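>>> I'll drop the sequence and a predicted model, then ask my questions.
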Amino acid sequence: MSVSRKLLALKSDQELFSYIEENNRYVPEANQIAFEILQKRGHVFDPQESNRIRQQILNKEASEEPFIHPHHVSSI
């Protein structure tokens, strides 16, 4: 499932900030897009905050395990 940049762009800044809060429930792609939209809207993040957000996204990506259906048959 992909995240729609257009739908996120319709959200308020306050809503987008919830996407980059610590321990949020959103997928990494949504976190990244929300961060980019906020920057385009002129929000300036200090280096520590930018690093925290980027690290949070990387940690989420690393912890995601791909879903493999129990009846999946390998092509090997």
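Structure received. Just so you know, these numbers come straight off a predicted model, no measurement behind them. Residues are numbered from 1 along each chain as shown.

>>> Quick one: the strands in the chain, in order.
Taking DSSP state E, the chain contains no strands at all.

>>> residue ranges of the helices in it, please?
Taking DSSP state H to define them, one finds helices in the chain at 5-9, 13-19, 28-40, 47-63.

>>> Tell me which other helices or strands the third one touches.
Using 3 or more C-beta pairs under 8 Å, 6 or more residues apart in numbering; DSSP states H and E as the contact test, the elements touching helix 28-40 are helix 5-9, helix 13-19, helix 47-63. Using the backbone N, CA and C atoms, a C-beta is placed for each residue, glycine as well.

>>> Next, format these as a markdown table and append distance to residue 31, mean pLDDT and mean neighbour count.
Formatted as a markdown table, these follow (distance: least, C-beta to C-beta, whole Å; pLDDT from 0 to 100; neighbours: other C-beta atoms under 10 Å):
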| stretch | distance to residue 31 | mean pLDDT | mean neighbour count |
| --- | --- | --- | --- |
| helix 5-9 | 10 | 97 | 12 |
| helix 13-19 | 6 | 98 | 14 |
| helix 47-63 | 5 | 95 | 13 |
